[in-house]
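1. A predicted structure for the sequence below; I have some questions about it.
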Amino acid sequence: MAITVPTDCHQQPTEQEGKTEAGVLTHTYVIKGPYSTLKTYMAGISPGDNIDDGYKAKTSTLQRNPGNYGTLSIVAEKNPDSIDATAGQSIAESEVWELKSVRNDVPLLAYCGESSSEPQRAVIEAWQQEPDGNLAKENSYKTSSGETVVISDAPTLAVIEKLKRGISAVMRFYPMITVTRVYSSAPTEVYSNLATISTPAGGPVKVDGEGANARERREKPAGIAAVISAHSWLKCQDDVTKGSDGKWTRTQSWMGCLASDGGWDGNLYGTTNRWPMPYTTGGNGST
């Protein structure tokens, strides 16, 4: 391998080949020449710069030798094929999975049901709107016709007693899965499928080899497989940043809602039946 070097410097044959833990090939270029020339040359090299034959600069070290000469060592990484032709997804060099909880307060009235054995939302709202404080204190309210209704249903009274104590919402916690992947170049599919129902996907992650010979890992961590299958997932983050080392980091997050609770509303968050904005019944919207 040869790179363009200052005219008064010489590339040395004492080069080294290597491989990172992620399976990325490395090459160390060694250049000797006047120390001041090499210092200026090194200052113009930034992490991520193309060096030679698809290799990108990672680090550089300059050593001063006797006679005001120096030895410059440049470590560069091979830029792997950025796209997996089979899946149409960028190939990451590494990935980290994280599972945590996020808080979402639910209004107490959300616990009101429609059957005769459950609290009635309309009854509670009528009681809340009763202008006669003494009547409301007795868990009663008047209808528009002037009839006094005494609330006696046990589930409804249970909700009313909590509202009297100032409890208007309850804390609920949902699982949040975050996957962070590192790439040698910007992933092409970033900022995709936000606010849609989708399941956190594994891989592809490059673990060894180059191009068509690359081995890839696509598994999801076994420890959270049960959590993934038990929930409906809403994608809520897809960010990408470029670091000083030239690497790109993509962070994706999904919030889970128990499938047994009905999951996420397909009309609001689905990919094929999402309500349009503005929504008009019988017009350009449909349920």
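-> Now that the structure is in, tell me what you want to look at.
2. Flag the shaky bits of the stretch 151-287 of the chain, pLDDT-wise.
-> By pLDDT under 70, the low-scoring segments of the stretch 151-287 of the chain are 203, 208-215, 219, 281-287.
3. and residue 37, what are its phi and psi?
-> phi -70, psi -40 (degrees, to the nearest 10).
4. Make 20 the starting number, not 1.
-> Fine by me, first position is 20 from now on; the one you just mentioned is residue 56.
5. which stretches of the stretch 20-169 of the chain have low pLDDT?
-> For the stretch 20-169 of the chain, the ranges with pLDDT under 70 are 20-21, 38-42, 72-73, 98-107, 133-135.
6. May I have stretch 148-166 exported as CSV, CA atoms only?
-> The C-alpha trace of stretch 148-166 is given here as CSV (Å, rounded to 0.1, in the frame of the first residue of the first chain):
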residue,chain,number,x,y,z
GLN,A,148,-70.1,19.4,36.9
GLU,A,149,-72.8,19.6,39.6
PRO,A,150,-72.9,23.3,40.7
ASP,A,151,-74.4,22.4,44.1
GLY,A,152,-71.5,21.6,46.3
ASN,A,153,-73.6,20.1,49.1
LEU,A,154,-75.3,17.8,46.6
ALA,A,155,-72.0,16.7,45.1
LYS,A,156,-70.6,16.1,48.6
GLU,A,157,-73.3,13.5,49.0
ASN,A,158,-72.3,11.8,45.7
SER,A,159,-75.3,13.1,43.9
TYR,A,160,-76.1,15.3,41.0
LYS,A,161,-79.2,16.7,39.1
THR,A,162,-80.1,15.8,35.6
SER,A,163,-81.1,18.4,33.0
SER,A,164,-84.8,17.7,33.9
GLY,A,165,-84.1,18.5,37.6
GLU,A,166,-84.1,14.9,38.8
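7. The spatially most central residue of the chain is in what secondary structure piece?
-> The chain has residue 271 as the residue nearest its centroid, 1.5 Å off, counting by C-alpha atoms, centre = their mean. If you go by DSSP states H and E, residue 271 is part of strand 267-277.
8. Going by neighbour count, which residues in that strand are buried?
-> For strand 267-277, burial by neighbour count (16 or more other C-beta atoms under 10 Å) applies to 267-276. In short, each C-beta sits where N, CA and C put it, glycine included.
9. Could you do stretch 75-90 as well?
-> By neighbour count on 16+ other C-beta under 10 Å, the buried set for stretch 75-90 is 75-77, 79, 81, 88-90.
10. so how far is that stretch off the chain centroid?
-> 40 Å (C-alpha atoms, centre = their mean, to the nearest Å).
11. Contacts for that stretch, please.
-> 31, 45, 49-55, 57-58, 61, 64-70, 91-98, 203, 264-265 (C-beta atoms under 8 Å, 6 or more residues apart in numbering).
12. can you map out the helices along the stretch 170-306 of the chain?
-> 173-183, 244-249, 285-288 (DSSP state H, counting those that start in this stretch).
13. Identify whichever of those lies nearest to residue 257.
-> helix 285-288 (14.9 Å; C-beta to C-beta).
14. can you give me how far the closest one is from the chain middle?
-> The answer for helix 285-288 is 20 Å, by C-alpha atoms, centre = their mean.
15. In strands only, show me the buried residues of stretch 75-90.
-> Here DSSP state E is the test, and the buried residues of stretch 75-90 give 75-77, 79, 81, 88-90 as lying in strands.
16. Now for those residues: which two are most distant?
-> 75 and 88 (27.3 Å).
17. which one is residue 126 nearest to, not counting chain neighbours?
-> In space, and not counting its chain neighbours, residue 126 is closest to residue 188: 5.3 Å by C-beta to C-beta, 6 or more residues apart in numbering.
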